[in-house]
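>>> What shape does this take:
(4 chains)
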2 protein chains.
Amino acid sequence: MADSAKEPAHVLVWSKERRAPRRQAPSVEQIVRAAIAIADAEGLAALSMRRVAADLDSGTASLYRYVAGRDELLDLMIDAVEGETGPPPLSGDWRADLTGVARHVRATLLRHPWLSSELTGRPALGANSLRQQDVALTAASALTPDITLAANVVDTVRAYVFGAVARDLAEEQAQRRSGLTEDQWRESVAPYIREVIDSGAYPQFARRVAEAEDAAPEERFEFGLACVLDGIAARADAAS
Amino acid sequence: MADSAKEPAHVLVWSKERRAPRRQAPSVEQIVRAAIAIADAEGLAALSMRRVAADLDSGTASLYRYVAGRDELLDLMIDAVEGETGPPPLSGDWRADLTGVARHVRATLLRHPWLSSELTGRPALGANSLRQQDVALTAASALTPDITLAANVVDTVRAYVFGAVARDLAEEQAQRRSGLTEDQWRESVAPYIREVIDSGAYPQFARRVAEAEDAAPEERFEFGLACVLDGIAARADAAS
DNA sequence: GCCGTTTGCGAACACCGTATCCATAGAGGA
DNA sequence: TCCTCTATGGATACGGTGTTCGCAAACGGC
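Just a heads-up that it's a prediction; the model follows:
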């Protein structure tokens, strides 16, 4: 429309008006869905405009009628996956609710391994992302009426969750990129790790590898989450 | 032969174009340094093999004599920046030391805005990265002799730091990508935020935007870090 | 049935990472 | 001094990428 043409060049992607397809055109949702399917199955590297178009049996250039470019497509993908599962129900118990929110965010990030990579360096301001944040703020409001404190609490929990998942995903991603099986990859890394340990320059790291029992990812996640929530509880008590 | 065939026939032998003189070899460190400089100044998107070669006055293909490919170059860049500042000195006070480590990691991530993006989906196993981890483990060992617990503690702190920095960097990165100034970007986002708030569908988020005082990034970081460390202290006490 | 608009998309452009291949510089032997 | 041999720099090419342009075909309102 002439209206949107007159708007500043940087109308935010999530509030842009999308035109409806005349015929059996791809439509934004179909494009986003196809792109997510590709990224889930084959990784972000396999996600190209041509590939999406091919999966939709459409011409590459046609996609640009519905999506401004790859970058915008990525933004839309992020918001789409954040909306695919409704936010967890709240009980009013702040700790249980924030735990639920944290697990929910973690599950989403794990379901789409490309998501955390894409989320670094890209603020999530889509409707679904904001819904998640709103729910988290509601949960934290049961702890304190102070919205500033609640916001800090939510940000802290989300930061931890994101970092923890990114750490867990890193190895998996590297392995996937190498194209090796999990065992092959482990074997290819082992000699290097042994060399590092044998150098004697990293005594604590060596001790960790040799002696520490490595728990399942969920357990490590829950440990850290419990720490964070403990700390929040202590701080909220002190403030009130 | 092929040369003279391409040249016009009248060009005499002594005026024929001679091969460019050999230049000095780039060496791995120079390549990595140049790549980091580009990524720091212009972002990861501007980092291409051709660009690095151009900055070094060398041919693109020459880089491959020293580096296996772009992927390996990125791994080397990560380890290089993790080694550019020595790890913070330790005092033996676990809380002070872990705080120092956390601030150190944060400073490194902020100094190189591309680092966090690259670190998601890439385990850091370089010598310098391992040194950082070893120091962190040493700090945590003052809290507990249990290496498993110490490892969990370090992982938790690192996860929080990473997530917190990624969150802070996201907006900056998006703005940089848009090519607008900070003010322009803020102005382009404002109408959308207002629209979202006016919709009434996100009451807590609206309250946050309207009422919460947004602290400086450092303060938010320190708040969350304090929570995490409080929780760790509580948990370590309970375990012993 | 016509006409202005919307839509699909082939082709082209400017890049990208990387492999191949060859001329040459420099070292070492004669 | 010359020659040979090898390691190295880099031009070139290949198969991708995101994106733009311009045109033909389809559609909706008249």
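>>> how about the top helix by length along chain A, does it reach DNA strand C?
The single longest helix within chain A, with elements called by DSSP state H, is helix A:147-178. No - Helix A:147-178 does not reach DNA strand C (Cβ under 7 Å from any atom of the strand); its nearest approach is 10.7 Å. No exception for glycine: its C-beta is placed from N, CA and C like everyone else's.
>>> Can you pull the domain assignment for chain A?
Chain A resolves into domains spanning A:2-82, A:86-239 when parsed by automatic domain parsing.
>>> what's the least confident stretch among those?
Note on these: lowest mean pLDDT is at domain A:2-82, with a mean of 81.
>>> what's the closest of the domains of chain A to B:Asp55?
When those are compared by Cβ to Cβ, domain A:86-239 sits nearest B:Asp55, at 23.2 Å.
>>> Measure how far the closest one is from the centre of its chain, please.
Chain-centre distance of domain A:86-239: 10 Å, with Cα atoms, centre = their mean, to the nearest Å.
>>> Same check on stretch A:36-51?
16 Å.
>>> on that earlier part again, now the domains of chain A as a markdown table including distance to DNA strand D?
Listed next are the domains of chain A as a markdown table, based on distance: least, Cβ to the nearest atom of the strand, whole Å:
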| stretch | distance to DNA strand D |
| --- | --- |
| domain A:2-82 | 3 |
| domain A:86-239 | 13 |
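>>> and among those domains, the most buried is which?
Sort the domains of chain A by mean neighbour count, taking mean count of other Cβ atoms under 10 Å in any protein chain shown, and domain A:86-239 sits at the top with a mean of 18.
>>> closest one to B:Thr144 among the domains of chain A?
Closest to B:Thr144 of the domains of chain A is domain A:86-239 (Cβ to Cβ; 11.8 Å).
>>> quick one: terminal-to-terminal distance for the closest one?
Counting by Cα to Cα, to the nearest Å, you get 32 Å between the two ends of domain A:86-239.
>>> what's the answer for stretch A:208-220, then?
One end of stretch A:208-220 sits 15 Å from the other (Cα to Cα).
>>> and the next element down the chain from the longest helix of chain A?
Sequence order places helix A:182-199 as the next helix or strand after helix A:147-178, per DSSP states H and E.
>>> Which strand or helix spans A:Pro87?
Counting by DSSP H and E, A:Pro87 is part of no helix or strand.
>>> That one: what's it in contact with?
A:Val101, A:His104, A:Arg131, A:Gln132, A:Val135 (Cβ atoms under 8 Å, 6 or more residues apart in numbering or on different chains).
>>> Spatially, which residue comes closest to A:Glu82, not counting chain neighbours?
Leaving aside its chain neighbours, A:Glu82 sits nearest to A:Asn128 (4.1 Å; criterion: Cβ to Cβ, 6 or more residues apart in numbering or on different chains).
>>> now the one you found: how far from A:Tyr192?
41 Å (Cβ to Cβ, to the nearest Å).
>>> ok, A:Leu47 touching A:Ala35?
Yes - A:Leu47 lies in contact with A:Ala35 (Cβ atoms under 8 Å); the separation is 6.0 Å.
>>> For the helix or strand encompassing A:Gly100, name the packing helices and strands.
Taking DSSP H and E as the definition, one finds A:Gly100 inside helix A:94-111. Judged by 3 or more Cβ pairs under 8 Å, 6 or more residues apart in numbering or on different chains; DSSP states H and E, helix A:94-111 is in contact with helix A:70-83, helix A:114-119, helix A:127-141, helix A:147-178, helix A:217-239.
>>> so how far is DNA strand C from A:Leu137?
Using Cβ to the nearest atom of the strand, to the nearest Å, A:Leu137 is found at 38 Å from DNA strand C.
>>> With adjacent residues omitted, what lies nearest to that residue?
Spatial nearest neighbour of A:Leu137, excluding adjacent residues (Cβ to Cβ, 6+ apart): B:Gln204 at 3.6 Å.
>>> Can you spell out which helices and strands pack onto the helix or strand containing the one you found?
Assigned by DSSP H and E, B:Gln204 belongs to helix B:203-211. With contacts taken as 3+ Cβ pairs under 8 Å, 6+ apart, helix B:203-211 sits against helix A:127-141, helix A:147-178, helix B:182-198.
>>> In TSV, list these along with distance to B:Cys227.
Converted to TSV, the helices and strands packed on helix B:203-211 look like this (distance: least, Cβ to Cβ, whole Å):
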stretch	distance to B:Cys227
helix A:127-141	12
helix A:147-178	5
helix B:182-198	27
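>>> and of the ones you listed, who's closest to B:Ala174?
Among the helices and strands packed on helix B:203-211, helix B:182-198 sits nearest to B:Ala174 (Cβ to Cβ), with 7.7 Å.
>>> CA-only coordinates of that closest one in CSV, if you can.
The C-alpha trace of helix B:182-198 is given here as CSV (Å, rounded to 0.1, in the frame of the first residue of the first chain):
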residue,chain,number,x,y,z
GLU,B,182,20.9,4.5,18.5
ASP,B,183,18.3,7.3,18.6
GLN,B,184,16.9,6.4,15.2
TRP,B,185,16.6,2.8,16.2
ARG,B,186,14.9,3.7,19.4
GLU,B,187,12.5,5.8,17.6
SER,B,188,11.7,3.1,15.1
VAL,B,189,10.9,0.7,17.8
ALA,B,190,8.9,3.0,20.0
PRO,B,191,5.6,3.0,18.0
TYR,B,192,5.6,-0.7,17.9
ILE,B,193,6.1,-1.0,21.7
ARG,B,194,3.4,1.5,22.3
GLU,B,195,1.0,-0.4,20.0
VAL,B,196,1.8,-3.6,21.9
ILE,B,197,1.2,-1.9,25.3
ASP,B,198,-2.0,-0.3,24.1
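>>> Give me the helices and strands touching it, please.
Contact here means 3+ Cβ pairs under 8 Å, 6+ apart; on that basis helix B:182-198 packs against helix B:147-178, helix B:203-211.
>>> coming back round to it: of all the contacts of A:Pro87, which comes closest to B:Ala226?
Proximity of the contacts of A:Pro87 to B:Ala226 (Cβ to Cβ) peaks at A:Val101, which lies at 21.0 Å.
>>> isn't that closest one right next to A:Val135, touching?
Yes - if you go by Cβ under 8 Å, A:Val101 and A:Val135 touch, sitting 6.5 Å apart.
>>> A:Pro145 in helix, strand or coil?
Assigned by DSSP: H, G, I helix; E, B strand; the rest coil, the conformation of A:Pro145 is coil.
>>> now it: how far from B:Arg207?
Per Cβ to Cβ, A:Pro145 is found 10 Å from B:Arg207.
>>> Nearest to B:Leu149, out of the domains of chain A?
When the domains of chain A are compared (using Cβ to Cβ), the closest one is domain A:86-239, at 8.8 Å.
>>> so who does A:Thr108 touch?
Applying Cβ under 8 Å, 6+ apart, we find A:Thr108 in contact with A:Val81, A:Glu82, A:Glu84, A:Thr85, A:Leu115.
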